[in-house]
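Participant: Sequence first, then the predicted structure:
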Amino acid sequence: MQKLNDLRFFTTPAHPCSYLQGQSAETLFLDPQVKADTELYSQLSVAGFRRSGRYIYKPFCNGCNACVPVRIPVSTFKMRRSQSRVWKRNQDLSISFKAPHQSDEIWSLYEQYINSRHRDGDMYPADKDQFQGFLIEGRPEALFIEFRFDGSLIAIMVADQLTDALSAIYTFFDPDQETRSLGVFSILALIQIARRRNLKHVYLGYWIEDCKKMNYKTNYKPLEALIENQWQPLEKP
């Protein structure tokens, strides 16, 4: 098994930050030639790395530590009242697990989601090649967790199963199903799946205090954050 200190990494040139206006960002990538098995990928996740497509990365910005890796310890997680209501509201959904794949049904859902919810982002307009590289290709640990109502696909959560955790990669859903709060429900479902599989954590990616679209992660308590290379409780209201 390879040690983290023996791995080779690359950094990107500075580029505009996607989360903090007026800031520049840099990213540290694991050498794509490294054949990282599940054990190594899991170790890198504990060290604060994430995955996008086949690339394993983490923010590496000079003088900025705004991107804080966070995870939910599933054994002690407790739903808030609002989350319990979302959970009950969606008990009419069926859940199934599939390997990542393309289909007209899946593409239609993804296209509808991106073009409705992310018109101001760099993923707009939805592109099939980008979708393939981002969510279909990448890792053997990846799952499509499909949520259906009366047989109709209304949401997919993409998640990776690590040695002792599930890592949430991306979620897309039918924007017309707003009352279901499918983004919230998908995380609650992932926590329950992790419990059933006797896994310890659900990784949620990066929390950024000054970025509104990343603040939702503090709604899941208790929440742990990687601060100064140590996982510790994140105490936020």
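Facilitator: Ah, there it is. Numbering: from 1, shown residues only.

Participant: Tell me which stretches of this protein form helices.
Facilitator: For the chain, the helices defined by DSSP state H cover 38-46, 81-89, 104-117, 128-131, 182-196.

Participant: can I get those helices in CSV with mean neighbour count, mean pLDDT and distance to Ile169?
Facilitator: For the C-beta atoms, the positions are set from N, CA and C on the backbone; glycine is no exception. CSV is the format used below for the helices of the chain (neighbours: other Cβ atoms under 10 Å; pLDDT from 0 to 100; distance: least, Cβ to Cβ, whole Å):
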stretch, mean neighbour count, mean pLDDT, distance to Ile169
helix 38-46, 18, 97, 11
helix 81-89, 14, 98, 21
helix 104-117, 16, 95, 13
helix 128-131, 13, 94, 13
helix 182-196, 20, 98, 11
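
Participant: now these in TSV, with distance to Ser96?
Facilitator: As requested, the helices of the chain are exported to TSV (distance: least, Cβ to Cβ, whole Å):
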stretch	distance to Ser96
helix 38-46	22
helix 81-89	18
helix 104-117	13
helix 128-131	20
helix 182-196	12
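
Participant: Nearest to His15, out of those?
Facilitator: helix 128-131 (17.1 Å; Cβ to Cβ).

Participant: looking at this protein, which helix or strand does the model trust least?
Facilitator: Across the helices and strands of the chain, mean pLDDT, DSSP states H and E gives its lowest value to strand 15-16, namely a mean of 91.

Participant: what packs against that one?
Facilitator: strand 24-25 (3 or more Cβ pairs under 8 Å, 6 or more residues apart in numbering; DSSP states H and E).

Participant: for Ser167, what are its contacts?
Facilitator: Ser45, Arg50, Arg51, Ala159, Asp160, Gln161, Val202, Tyr203 (Cβ atoms under 8 Å, 6 or more residues apart in numbering).

Participant: how does it look with 6 Å?
Facilitator: Ser45, Asp160, Tyr203 (Cβ atoms under 6 Å, 6 or more residues apart in numbering).

Participant: Next: Lys221.
Facilitator: Contacts of Lys221 by Cβ under 6 Å, 6+ apart: none found.

Participant: So for it, what's the pLDDT?
Facilitator: In this prediction, Lys221 carries a pLDDT score of 95.

Participant: mind pulling up the phi and psi values for it?
Facilitator: For Lys221, the backbone dihedrals (degrees, to the nearest 10) come out as phi -130, psi 150.

Participant: can you tell me how far it sits from Gln33?
Facilitator: 40 Å (Cβ to Cβ, to the nearest Å).

Participant: I'd like to know how many residues surround Phe172.
Facilitator: 24 (other Cβ atoms under 10 Å).
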